[in-house]
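K.L.:
task: produce atomic coordinates for the following.
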Amino acid sequence: LMLKAIIERSRRYLYHVAEELSKRGMPLELALLPMVESGYDPTAVSSAQAAGMWQFIPSTGRDYGLHRNADYDARRDIVASTAAALDYLQFLHELFGDWHFALAGYNWGENAVLKAIERNKGKVRGTDYLSLTLPEETRNYLPKFQALKNLVAYHHAFGFELDPIPNEPYFTTVATDHSLDLVVAARLSGAPLEEITSLNPARTGTGNGAGGTRG
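P.N.:
Numbers count the residues shown, from 1 in each chain. Modelled structure (predicted):
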């Protein structure tokens, strides 16, 4: 039931993420990563102050251009955070040459993974993923991701149905050069306020702070 709720929440965002992965020639299964990170909740905030569906901590967010002010947190912006997350994942894959290490680096930080590899080299131990000494959360990160892929791919075998997600954009971005209140945006677009709010989760105040509104 929890998985169905997560997939239902992802319906607004999954096409966009998959489309961006496809443009970059990256594995499409990475579109499931926000399910592991946040349950595809762009308003999620962790105890470590990671925010958004890709769960950027403030420092990594700044490194990848996800700025914040009183009215706007780009880590919660669907388009901006997805671009930043894919930039980061591409960097990690180029750094390690391996998606297992790249995902471990996404969860734990690339420097921590590099140090773990160096520690094993110094002790003449294996430097493959399974040989490294990792925190429990990072060690469980890949199995969680793999389990999720299996559940989605073979959901019939696990005894539950998943409604297909249409292969078309759920939202579009409208550029604005001035602040646009979400209540006004909802009225102008004819969409429910809840829907407009869910597509603009980076808006944390009454100001605009961003370059567009989704609808």
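
K.L.:
what ranges does this protein have for its strands?
P.N.:
Ranges of strands within the chain are 173-175, 212-214, based on DSSP state E.

K.L.:
tell me the pLDDT of the residue positioned nearest the centre of the chain.
P.N.:
Centroid-nearest residue in the chain: W54, 2.7 Å away (criterion: CA atoms, centre = their mean). Predicted confidence (pLDDT) for W54: 98.

K.L.:
how about it: what's its closest non-neighbour residue?
P.N.:
Residue nearest to W54 in three dimensions, not counting chain neighbours: A85, with 4.0 Å by CB to CB, 6 or more residues apart in numbering. Any C-beta I mention is one placed from the backbone N, CA and C, and that applies to glycine too.

K.L.:
so what pLDDT did that neighbour get?
P.N.:
98.

K.L.:
all the helices of the protein, in order from the start?
P.N.:
2-10, 14-24, 33-38, 58-63, 78-96, 99-108, 110-122, 136-153, 182-189, 193-199 (DSSP state H).

K.L.:
chain center to the second one: distance?
P.N.:
Meaning helix 14-24. Centre-to-centre, helix 14-24 and its host chain are 12 Å apart (CA atoms, centre = their mean, to the nearest Å).

K.L.:
tell me the buried residues in it?
P.N.:
14-18, 20-21 (16 or more other CB atoms under 10 Å).

K.L.:
equivalent analysis for the fourth one, please.
P.N.:
For helix 58-63, the buried set under the neighbour-count rule, 16+ other CB under 10 Å, comprises 60-61.

K.L.:
other residues contacting stretch 84-96?
P.N.:
20-21, 24, 26, 30, 33, 54, 56, 60-61, 64-66, 74, 99, 101-103, 105-106, 110, 113 (CB atoms under 8 Å, 6 or more residues apart in numbering).

K.L.:
of those residues, buried ones?
P.N.:
Buried among the contacts of stretch 84-96 by 16+ other CB under 10 Å: 20-21, 26, 30, 33, 54, 56, 60-61, 64, 66, 74, 99, 101-103, 105-106, 110, 113.

K.L.:
where does the protein dip in pLDDT?
P.N.:
By pLDDT under 70, the weakly predicted segments of the chain are 1, 166, 168, 170-186, 188-193, 195, 204-215.

K.L.:
try it again with 50
P.N.:
Per-residue confidence for the chain (pLDDT under 50) gives these ranges: 206-213.

K.L.:
wait, what's in contact with E19?
P.N.:
Residues near E19 by CB under 8 Å, 6+ apart: P169.

K.L.:
how near is it to T133?
P.N.:
Note on E19: its distance to T133, by CB to CB, to the nearest Å, is 38 Å.

K.L.:
try D63
P.N.:
D63 is 26 Å from T133, by CB to CB.

K.L.:
ok, now which ones touch S10?
P.N.:
Going by CB under 8 Å, 6+ apart, S10 touches 34-35, 40, 165.

K.L.:
now a PyMOL select for only the buried ones of the residues you listed.
P.N.:
In PyMOL, this line selects whichever of the contacts of S10 come out buried by 16+ other CB under 10 Å:
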select buried, resi 34+35+40
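
K.L.:
switch the contacts of S10 over to JSON lines; also include distance to T127.
P.N.:
Output for the contacts of S10, formatted as JSON lines (distance: CB to CB, whole Å):
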{"residue": "P34", "distance to T127": "29"}
{"residue": "M35", "distance to T127": "29"}
{"residue": "Y40", "distance to T127": "33"}
{"residue": "I165", "distance to T127": "39"}
